[in-house]
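*Asks:* Kindly generate the corresponding structure for this input.
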Amino acid sequence: MKKPLSILLLLFLFFCSCSKTEETIAQKPVTKNEVYFSNLIEVERQLYQKYSDEPYTGDVIDTTNVPKNEVRKGYVQIGYRTGKWLTKNKFNSIVSQERLYKDGILVEQRDYENGLTRRHATFWDNGNDQKMQIFNDKSEVEIEINYDENGEYHGWYQMITGDDSYYGIYKHGEIEYMYINDEPMIIKK
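*Replies:* So this is what the prediction gives:
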C-alpha cells in the first residue's frame, strides 16, 4: 500500500514542478469579473471586497445613488477608483455622466442631456469644487464659477439668464468687480 501511494506522490510532484511554456500560458483564457459596488467596503478611502484584506483591483458596477434606469461602471486599482467612470442608461447605453478619478479622488465630472454637455466641473484634491460650468441648448456657457481650495468664490464669475448677464472677479470669497448687463455695479478699491 505504501509503494503505490509513494509512486502517486512522486508523479504528482513531477507534474507540478514542470514549468509552463509561453504557449500554454498564452492560450489560457483571461476572465474579467465585474463586482458590484455594494459588495465592496471602503476603509480609509480604499475599497476592499467583503471578507478580504487585500485592496480590490478590477471592474465595478455601481447602482447606488444613480437614477433607477441607470448604472455606473468604472475601474478600481489597488483599492482606489481610477480613470473614467461612466453612468449609462441600462437599456440604450446613452451616457448621462462621466466622472474622472485619480488615485481615488474625483477630479472632473461631466453631466450630459440628449448628448450635450450640460454641466462640467473640476475639483480640488480635497474634494471641493474648483470650477463649474453650466451650458445652454446651444452649448454656450451660461454660468461659470471658479473657487479656491476652501470652496470660496475665487477668480472669474459669469451668469447669463435671459436678457441679463452678470460678470465678476472674486478673491477668496470677496467681490472685486461686478458688472450687470455691462454696467459696473461693484468695484472694490
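*Asks:* Where does the prediction get shaky in the protein?
*Replies:* Along the chain, the parts satisfying pLDDT under 70 run over 1-32, 189.
*Asks:* what about the helices in it?
*Replies:* 2-17, 22-27 (DSSP state H).
*Asks:* Check which residues of stretch 168-179 are buried.
*Replies:* 168-170, 178-179 (16 or more other C-beta atoms under 10 Å). All C-beta atoms are positioned from the backbone trio N, CA, C, and that covers glycine.
*Asks:* Inside strands: which ones of those residues?
*Replies:* Among the buried residues of stretch 168-179, the members falling in strands (DSSP state E) are 168-170, 178-179.
*Asks:* any chance of these in TSV, with distance to Q46 too?
*Replies:* Converted to TSV, those look like this (distance: C-beta to C-beta, whole Å):
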residue	distance to Q46
G168	41
I169	40
Y170	36
M178	44
Y179	47
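*Asks:* how about the closest residue to G83 other than its chain neighbours, what does it touch?
*Replies:* Take G83 and drop its neighbours on the chain: the residue closest to it by C-beta to C-beta, 6 or more residues apart in numbering is Y75, 5.3 Å away. Contact analysis of Y75 by C-beta atoms under 8 Å, 6 or more residues apart in numbering lists 58-60, 81-83, 85.
*Asks:* In the sheet, which residues pair with D59? Tell me.
*Replies:* Beta-bridge pairing for D59 (DSSP bridges): Y75.
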